[in-house]
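1. Got a predicted structure here, sequence first:
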Amino acid sequence: MRKRTVTALTIAVTTASVAAASAQTGPDFGYHKVRAGVPKHTAHFSVTSPDLAHGRFPAASYSDSFGCTGGNVPPRLHWSGAPAATKSFAVTMFDRDAPTGSGFWHWSVRNLPATAAAVPSDAATGVNDAGTASYLGPCPPAGDGPHQYTITVLALDVPDAGVPATASPAMASFAMGSHVIATARITATAAS
């Protein structure tokens, strides 16, 4: 086995490398920009929620797992003004602040009819990032600070984007992406 010799030059180079790495990561360590799944020029329509009127989730909408004791009740949404060419809607909820390196999809609803103006209670829900076919409420890790959750209603130009029920939210978003003709977004905050 070869013996290592530590010199003042080794210490200086190591210190400089650590300082450079710290400067690169800075206060944004762990965060990176995620590519938008919808082109910037896409049209917009309106979505509101009586449950998110103050920009925060009510206790009932929080998760009932990961250390939270909410009821996993999805927030009520109402949308209007979608383009006449809309053939169906989809709804997603994404936490870009999740400590995963890729965010966390909490909700994925697809194939809502073009006549829908809200998510019906019997809507077909796709799989979320926890692997369940349901709404999973927010539950930021203790000490992690508030997280922002983006709920997006997508107006699609097809009645069915052909996304299998078991498809991951990322795969579903990819499959629906080329069919999005308009979006409506609402952002709400949750804290541990």
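-> Right, received. Where do you want to start?
2. May I see the buried residues of the helix or strand encompassing Thr150?
-> Thr150 is part of strand 147-156 when elements are defined by DSSP states H and E. In terms of neighbour count (16 or more other CB atoms under 10 Å), strand 147-156 has its buried residues at His147, Tyr149, Ile151, Thr152, Val153, Leu154, Ala155, Leu156. C-beta: built from backbone N, CA, C; applies to glycine.
3. And for stretch 47-59?
-> Taking 16+ other CB under 10 Å as the criterion, stretch 47-59 shows Val47, Ser49, Asp51, Leu52, Phe57, Pro58 as buried.
4. Could you give the secondary structure assignment for the nearest residue to the last one once chain neighbours are set aside?
-> In space, and not counting its chain neighbours, Pro58 is closest to Asp51: 5.5 Å by CB to CB, 6 or more residues apart in numbering. Taking DSSP: H, G, I helix; E, B strand; the rest coil as the rule, one finds Asp51 in the helix state.
5. wait, isn't Asp51 in contact with Ala59?
-> No. Asp51 is not in contact with Ala59 according to CB atoms under 8 Å; the separation is 10.7 Å.
6. Now do Gln53 against Ala90, distance only.
-> Gln isn't right for residue 53; it's Ala. Noted for Ala53: a distance of 23 Å to Ala90, by CB to CB, to the nearest Å.
7. One more: Ala172?
-> Taking CB to CB, one finds Ala172 at 8 Å from Ala90.
8. For the two, list the residues in contact with both.
-> Counting by CB atoms under 8 Å, 6 or more residues apart in numbering, the shared contacts of Ala172 and Ala90 are Ser108, Arg110, Ala161.
9. Can you verify the first one is assigned to a helix?
-> No. Remark: Ser108 does not belong to a helix; assigned using three-state DSSP, it is strand.
10. Specify the beta-bridge partners of it.
-> Going by DSSP bridges, Ser108 is paired in beta bridges with Thr92.
11. quick one: contacts for it?
-> Ser108 neighbours (CB under 8 Å, 6+ apart): Ala90, Val91, Thr92, Met93, Thr125, Gly126, Val127, Asn128, Pro169, Ala172.
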